[in-house]
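>>> Make a model of this:
(one chain, ligands or ions: 2)
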Amino acid sequence: MADQELAIKIRGLRKTYAAEGSSKEKEALKGVDLSIPRGSIFGLLGPNGAGKSTTINILAGIVDKTEGTVEVWGFDIDEDIRNAKANIGIVPQEINFDVYFTPFEMLELYAGFYGIPKAERRSDEILKAMRLEEQRDAYTRFLSGGMKRRLLVGKAMVHSPPILVLDEPTAGVDVELRQHIWQYVRELNKSGVTIVLTTHYLEEAEELCDEIAIINHGELVISEKTPDLLKQLDEKMVVIEPVTPITEIPDAIKTIGGKLNDEGAIVIHFSPSSISVGEILNKISATNVEIADLRTEESDLEDIFLQLTKSKEA
Ligand code: ADP
Ligand code: MG
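Ligands and ions are numbered 1, 2, ... in the order given. Now for the predicted structure:
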């Protein structure tokens, strides 16, 4: 993909947090490459501690990278941080802001920080989009958790950036609010905003994102269009050892993708969603191949998937 079609381009990104007190140096990112297309909803997926927030915070200019290059809307953060920042809005993981302002005052304040003239401010429009019109003049400390989160999204949008980054937008929110957030993300994306979100829920990434990158222990595991990634998650392998090694695969087994390996065993790659091991065995029993042993193997991605779902339950 040509660079001008990328919203964010990250190459060889490393971050080592300095040792502090009793803690050792921490290599949070070990050379990550990411290409995030303009116009997409891009999911950065990974278990807790994977390095998602570190990546986001480097984009936001909150954390200094150790090594690598980062371009935001074509602007290198080392060469032109001003333009890089002008093109991105970040919604941090933690809800954390001054509760003594009203939502309207807060948006006006941030518009001021960005040097947006009064006539060009969109505070009321943003409040409406966030369904916070009724809370326009209420003290922020009286807002519910969900309202505060929506206000944070609004705050990230005051300068109308073409890229909006949401760090764990639905962590710890109830099902109903999660649906609201998803809907709003989709609306923003339809209006042309590139969305980057982090999550440790595979199903969230699956539901919302056009492309998904998985990171684990500071390393990129995979970055693919969502359907291609799901295809890989849905892949298993079964190895069937016949009692006597065979030299040719029976046709009935060929039709389900069976191949012969060097040891005269049958290897079948299959999608558990379309055929079960039981059905495969039935097909084999129908031939004259006698089964001595059988083992199934999952792709590495499946292990990661399991790990991710485990951290979801925790
Ligand atoms: P994620 O957002 O995917 O849960 P983080 O980027 O927050 O992961 O953290 C990645 C790793 O870096 C973790 O091991 C975390 O403990 C460590 N880390 C994050 N922030 C700091 C920091 N300020 N100082 C030291 N280590 C940190
Ligand atoms: Mg995080």
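>>> Ends of stretch 111-131, what's the gap?
This stretch, stretch 111-131, spans 19 Å end to end (CA to CA, to the nearest Å).
>>> Sorry, slip of the keys, the one I care about is stretch 62-71.
End-to-end span of stretch 62-71 (CA to CA): 15 Å.
>>> and what of stretch 151-164?
End-to-end distance of stretch 151-164: 14 Å, with CA to CA as the criterion.
>>> so where do the strands sit in the stretch 201-314 of the chain?
211-216, 219-225, 236-242, 258-260, 266-270, 291-298 (DSSP state E, counting those that start in this stretch).
>>> Direction included, what does the shortest one pair against?
Take DSSP bridges as the rule and strand 258-260 pairs in its sheet with strand 266-270 (antiparallel).
>>> quick one: contacts of the strand it pairs with?
235-240, 242, 246, 249, 253, 256-261, 280, 284, 289 (CB atoms under 8 Å, 6 or more residues apart in numbering). Where C-beta positions appear, they are placed from N, C-alpha and C, glycine not excepted.
>>> Equivalent analysis for stretch 39-48, please.
For stretch 39-48, the external contacting residues (CB under 8 Å, 6+ apart) are 7, 34, 36, 52, 55-56, 185-186, 189, 192, 194-200, 202, 204-205, 208-216, 226, 307-308, 311.
>>> Selecting buried members of those in ChimeraX, what would you type?
In ChimeraX syntax, the buried subset of these is picked out as below (16 or more other CB atoms under 10 Å):
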select :7,34,36,52,55,56,185,189,194,195,196,197,198,199,200,202,204,205,208,209,211,212,213,214,215,216,226,308
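>>> ok, which of the contacts of stretch 39-48 also contact ligand 2?
K52 (CB under 5 Å from the ion).
>>> what does the stretch 1-150 of the chain have sitting close to ligand 1?
The stretch 1-150 of the chain comes close to ligand 1 at residues Y17, K26, A28, G46, N48, G49, A50, G51, K52, S53, T54, as judged by CB under 6 Å from any ligand atom.
>>> List the ones among those that fall in strands.
Y17, K26, A28 (DSSP state E).
>>> burial count for the residue of the chain found nearest ligand 2?
Across the chain, the shortest distance to ligand 2 (CB to the ion) belongs to S53, at 3.1 Å. If you count neighbours by other CB atoms under 10 Å, S53 ends up with 21.
>>> In this structure it contacts Q93, no?
Yes - between S53 and Q93 a contact is recorded at 5.6 Å, counting by CB atoms under 8 Å.
>>> residues contacting the closest residue to D137 other than its chain neighbours?
Nearest residue to D137 in three dimensions, chain neighbours excluded: T102, at 4.9 Å (CB to CB, 6 or more residues apart in numbering). Residues counted as contacts of T102 (CB under 8 Å, 6+ apart) are Q135, R136, D137, A138, Y139, T140.
>>> With secondary structure and pLDDT as added columns, please give those in TSV.
Shown next, in TSV, are these (DSSP: H, G, I helix; E, B strand; the rest coil; pLDDT from 0 to 100):
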residue	secondary structure	pLDDT
Q135	helix	96
R136	coil	96
D137	coil	96
A138	coil	94
Y139	coil	90
T140	helix	87
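>>> Most neighbours out of the residues you listed, which is it?
Highest neighbour count within the contacts of T102: Q135, with 21 neighbours (other CB under 10 Å).
>>> closest to ligand 1 out of the strands of the stretch 201-314 of the chain?
The minimum distance between ligand 1 and these falls on strand 211-216, with 7.2 Å, by CB to the nearest ligand atom.
>>> ok, the closest one near ligand 1 or not?
No - when contact is scored as CB under 6 Å from any ligand atom, no part of strand 211-216 falls within range of ligand 1; the minimum is 7.2 Å.
>>> All set, thanks.
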